[in-house]
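Colleague: Sequence first, predicted coordinates after that:
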Amino acid sequence: MSMPPRFWLRPEARFLAVLLSPFAKVVAGCAARRQKAVGWLAPVPVLCCGNLTTGGTGKTTVVLDLMARLQTQGIKVHALTRGYKGTLKGPVRVTSDHTAQDVGDEALLLAHQGPTWVGGDRAATAQAAVKSGAQCLIMDDGFQNPTLRKTLSLLVVDGAAGLGNGHVMPAGPLREGIIAGLKRASAVLVIGEDQTDFLERYAEYLSPKAVYTARLETTVTDLLSNKAGPYIAFAGLGRPSKFFDGLRGGGIQLLRAIAFPDHYRYQSKDMKSLLSLAEIHNAELVTTPKDAVRLPSWFRQRVKVVNVALQWDDPSAPEKLLRALMSKART
């Protein structure tokens with residue numbers, strides 16, 4: 001995905017949003033009609049971690065966190081993802097032989113945590129996972145996909161960006177109408193400081209849903225202990241600034257912060273340019289795990305990878321969420 005238009009995140013920039021509103025109504029109408037379809041009911045709990053907007057909100061980080069917690073409980077959880085930017089359509093189980101070009105970067109990250117399946121047809125992918133022994137399914141994205149019925153849907157919201165200008169594509173970043181999406185959600189997780197007053201603005205639609213808050217924590221211990229630097233950070237994410245800010249917040253001196261489009265496939269010229277820049281400034285390169293899986297081994301060996309983890313503001317929140325999932329599945 002390329003960088004989103006700037007006016008998508010600026011509610012005061014009304015001209016283009018109004019101009020594109022007829023097209024937005026068509027998209028919203030199609031999304032609403034699609035939800036009338038009845039999906040496949042899996043014999044195991046299905047937890048969907050999705051969002052209302054395009055771009056990165058931290059869904060994959062949330063899925064990784066919840067997968068680990070379910071595994072700790074002895075539950076055989078399998079992840080389902082579309083495999084965005086991958087060539088394989090699925091259903092296919094991700095293996096160590098697959099590359100980001102095959103299944104996408106998110107699928108490779110999830111596969112490091114546990115069994116992961118790629119497929120655009122969520123129902124068919126879920127059926128394959130259940131047949132393979134899955135006791136619980138967790139979807140990375142797919143909130144708008146009705147082909148698989150969800151036991152519980154967790155709506156993930158980026159606290160910094162909120163819902164952008166509040167308009168549906170192409171007038172804004174929304175995949176569907178706000179009210180329709182919020183009503184369909186079982187719970188909401190806001191990641192980072194709520195800078196757009198999302199929780200207050202949509203309070204009437206959030207009650208009595210469970211609302212959780214969390215933050216992304218960049219693990220910089222190794223970088224600080226190494227006493228190297230300065231660093232040149234690069235990332236191809238929905239919002240690379242979150243990664244860069246996390247590094248700076250951890251006390252890392254960044255000489256440069258270079259943003260690439262989300263899911264970007266790094267070209268030879270990009271990598272050579274980064275290496276040249278690091279050599280000129282006697283700096284080290286640093287990136288995210290999601291970017292690292294898209295890099296060839298010869299270049300990845302010359303880049304430090306910094307993990308980004310989810311820290312729940314209420315430590316008991318994720319367990320409450322998972323208990324609600326299992327309880328709803330039983331009933």
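Modeller: That came through, no problem.

Colleague: which stretch of helix or strand covers M67?
Modeller: Assigned by DSSP states H and E, M67 belongs to helix 59-72.

Colleague: and what of I258?
Modeller: Residue-wise, I258 maps onto strand 254-260 under DSSP H and E.

Colleague: Then V156?
Modeller: Using DSSP H and E, V156 falls in strand 152-158.

Colleague: Strands of this protein, start to end?
Modeller: Assigned by DSSP state E, the strands in the chain fall at 46-50, 77-81, 92-93, 116-118, 136-140, 152-158, 187-191, 210-218, 231-236, 254-260, 284-287, 303-305, 308-312.

Colleague: average pLDDT for the third one?
Modeller: Here the mean pLDDT over strand 92-93 is 98, rounded to a whole number.

Colleague: one step back: any chance of the strands of the chain in TSV, plus mean neighbour count and distance to V38?
Modeller: From N, CA and C alone the C-beta is placed, and that goes for glycine too. Formatted as TSV, the strands of the chain follow (neighbours: other Cβ atoms under 10 Å; distance: least, Cβ to Cβ, whole Å):
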stretch	mean neighbour count	distance to V38
strand 46-50	26	14
strand 77-81	27	19
strand 92-93	19	26
strand 116-118	28	22
strand 136-140	25	17
strand 152-158	24	16
strand 187-191	23	23
strand 210-218	18	26
strand 231-236	24	37
strand 254-260	17	40
strand 284-287	22	42
strand 303-305	17	43
strand 308-312	17	33
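
Colleague: So which of these is nearest Q101?
Modeller: strand 116-118 (12.3 Å; Cβ to Cβ).

Colleague: Next, format the strands of the chain as a markdown table and append distance to F244.
Modeller: What follows is the strands of the chain, written out as a markdown table (distance: least, Cβ to Cβ, whole Å):
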| stretch | distance to F244 |
| --- | --- |
| strand 46-50 | 24 |
| strand 77-81 | 25 |
| strand 92-93 | 34 |
| strand 116-118 | 28 |
| strand 136-140 | 23 |
| strand 152-158 | 15 |
| strand 187-191 | 16 |
| strand 210-218 | 9 |
| strand 231-236 | 6 |
| strand 254-260 | 4 |
| strand 284-287 | 10 |
| strand 303-305 | 14 |
| strand 308-312 | 12 |
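
Colleague: so which of those comes closest to V27?
Modeller: The nearest among the strands of the chain, by Cβ to Cβ, is strand 46-50 at 16.7 Å.

Colleague: and the angle from that closest one to strand 187-191?
Modeller: 40 degrees (axes from the mean of the first three to the mean of the last three Cα atoms, to 10 degrees).

Colleague: could you give the mean pLDDT of strand 46-50?
Modeller: 97.

Colleague: For it, name the packing helices and strands.
Modeller: Using 3 or more Cβ pairs under 8 Å, 6 or more residues apart in numbering; DSSP states H and E, the elements in contact with strand 46-50 are helix 59-72, strand 136-140, strand 152-158.

Colleague: The longest one: which residues count as buried?
Modeller: Meaning helix 59-72. 59-67, 70 (16 or more other Cβ atoms under 10 Å).

Colleague: Which one of the residues you listed is nearest to R33?
Modeller: K59 (24.5 Å).

Colleague: just checking, the closest one touches D140?
Modeller: Yes: the pair K59 and D140 qualifies as a contact (Cβ atoms under 8 Å) at a distance of 5.7 Å.

Colleague: and for those two, which residues touch both?
Modeller: C49 (Cβ atoms under 8 Å, 6 or more residues apart in numbering).

Colleague: contacting residues around the closest residue to T125 other than its chain neighbours?
Modeller: Spatial nearest neighbour of T125, excluding adjacent residues (Cβ to Cβ, 6 or more residues apart in numbering): G119 at 3.4 Å. With contacts defined as Cβ under 8 Å, 6+ apart, G119 is in contact with 80, 82-83, 89-92, 125, 128.
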